[in-house]
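Chemist: predicted model follows, preceded by the sequence.
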Amino acid sequence: MVTLVKTRRRINSVKTTRKITNAMEMVASVKLWRYWRVMSHSSAFIRSIEEIIVHLQNELPPEDIFNQKRQGRLIVVVNSNIGLCAGYNNDIFRFANGILKPTDRIIPIGLKGKSHYKNLDYQFDDTYTTLNDKINFGEIAKFALSLYEQFYRFNYESIHIVYMDYLASMVYKPTIEQLLPLKKPAQMNTSALLGPVIEPNAQTLLKQILPTYLANKIYHALLVAQVSEQASRRVAMKNATNNATDILDKLQLEYNKARQNAITQEITEVVAGGNN
């Protein structure tokens with residue numbers, strides 16, 4: 001009887017776990033689809049604004065200020081606020097460890113990153129930890145402007161962002177992108193087209209458009225990271241649900257055997273008592 005009670009409790013516990021993981025899988029699927037649609041629209045805008053940036057850069061002299069060598073790096077590391085997403089955060093941290101230098105300053109976006117880096121020997125800024133909570137463009141624009149100002153105020157060599165790039169439904173990998181300084185583009189072939197008239201000049205316009213460009217690059221990176229995170233969580237919760245189902249089947253079989261043995265024992269005792 002004790003075995004029956006313990007097995008029944010385990011069955012109920014696994015059933016509860018399966019309901020939770022199944023619900024989390026459904027939530028992750030909904031979020032994945034929602035962020036994926038926004039990400040798709042953002043991709044088109046990013047391509048357009050990058051074309052403008054490239055054209056403006058091609059109008060600048062080689063010794064332009066945006067390509068001057070600087071000192072030190074600022075690294076933005078995007079991770080998740082909660083776990084239960086398989087190796088998502090560990091893959092990001094492992095990738096970042098391979099590129100980080102002792103002199104780098106880190107800005108984690110995500111509570112997991114804050115917990116990971118706060119006890120390590122890096123310069124650390126947790127001001128924007130929850131920036132990926134609701135992905136509000138207004139807050140991201142403020143963050144981008146802050147990065148832009150810090151780049152010149154502290155004379156950083158470069159500013160990079162590390163995040164999980166989404167390639168397919170079950171394929172995503174960590175990547176790093178340089179935000180500042182702007183990389184020199186390949187020269188465009190302008191023989192077959194007439195470029196726009198730039199007023200007052202390319203350098204002034206580039207300085208004005210850079211904060212908007214940075215805000216949209218970071219916004220897009222956070223969207224891509226969210227799609228990757230939700231895809232990873234959906235797969236993890238699906239696997240957890242399947243594992244719970246397998247365990248439940250085994251426990252149910254164990255319970256049925258124990259119940260059958262208990263019934264057989266009771267019948268045996270009744271028969272033995274009747275014979276006496």
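Modeler: Thanks, I have it.
Chemist: pLDDT weak spots in the stretch 51-200 of the chain?
Modeler: Low-confidence segments of the stretch 51-200 of the chain, defined by pLDDT under 70: 61-70, 185-197, 199.
Chemist: now do the helices in it.
Modeler: All helices of the stretch 51-200 of the chain, identified by DSSP state H, counting those that start in this stretch, fall at 88-97, 111-117, 137-153.
Chemist: of all those helices, which one comes closest to residue 228?
Modeler: Across these, residue 228 has its closest neighbour in helix 88-97 (7.0 Å, Cβ to Cβ). Where you see a C-beta, it was placed from the backbone N, CA and C, and this is true even at glycine.
Chemist: how far does that closest one sit from the chain's center?
Modeler: How far helix 88-97 lies from its chain's middle: 11 Å, per Cα atoms, centre = their mean, to the nearest Å.
Chemist: which residues are contacting that helix?
Modeler: Under the contact criterion Cβ atoms under 8 Å, 6 or more residues apart in numbering, helix 88-97 has outside partners 75, 77-80, 83, 110, 112-113, 116, 162-164, 173-174, 176, 228-229, 232-233.
Chemist: which members of those are classed as buried?
Modeler: With burial judged by 16 or more other Cβ atoms under 10 Å, the buried subset of the contacts of helix 88-97 is 75, 77-80, 110, 112-113, 116, 162-164, 174, 176, 228-229, 232-233.
Chemist: before we move on, back to that, now the helices of the stretch 51-200 of the chain as TSV including distance to residue 28?
Modeler: TSV is the format used below for the helices of the stretch 51-200 of the chain (distance: least, Cβ to Cβ, whole Å):
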stretch	distance to residue 28
helix 88-97	11
helix 111-117	16
helix 137-153	23
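Chemist: out of those helices, nearest to residue 130?
Modeler: Taking Cβ to Cβ, helix 111-117 is the member of the helices of the stretch 51-200 of the chain nearest to residue 130, at 7.2 Å.
Chemist: so what secondary structure elements neighbour the closest one?
Modeler: strand 73-78, helix 88-97, strand 105-109 (3 or more Cβ pairs under 8 Å, 6 or more residues apart in numbering; DSSP states H and E).
Chemist: can I get the longest one in PDB, CA atoms only?
Modeler: Right, the one you point to is helix 88-97. Extracted as PDB, the C-alpha positions of helix 88-97 are listed here (Å, rounded to 0.1, in the frame of the first residue of the first chain):
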ATOM      1  CA  TYR A  88      21.000  29.600 -24.900                       C
ATOM      2  CA  ASN A  89      22.800  31.600 -22.200                       C
ATOM      3  CA  ASN A  90      25.700  29.200 -21.800                       C
ATOM      4  CA  ASP A  91      26.400  29.400 -25.500                       C
ATOM      5  CA  ILE A  92      26.400  33.200 -25.400                       C
ATOM      6  CA  PHE A  93      28.700  33.300 -22.400                       C
ATOM      7  CA  ARG A  94      31.100  30.800 -23.900                       C
ATOM      8  CA  PHE A  95      31.300  32.700 -27.100                       C
ATOM      9  CA  ALA A  96      31.800  36.000 -25.300                       C
ATOM     10  CA  ASN A  97      34.600  34.500 -23.100                       C
END
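Chemist: follow-up on the earlier one: so for residue 254, which of the helices of the stretch 51-200 of the chain sits nearest?
Modeler: With Cβ to Cβ as the criterion, residue 254 lies closest to helix 88-97 of the helices of the stretch 51-200 of the chain, at 34.3 Å.
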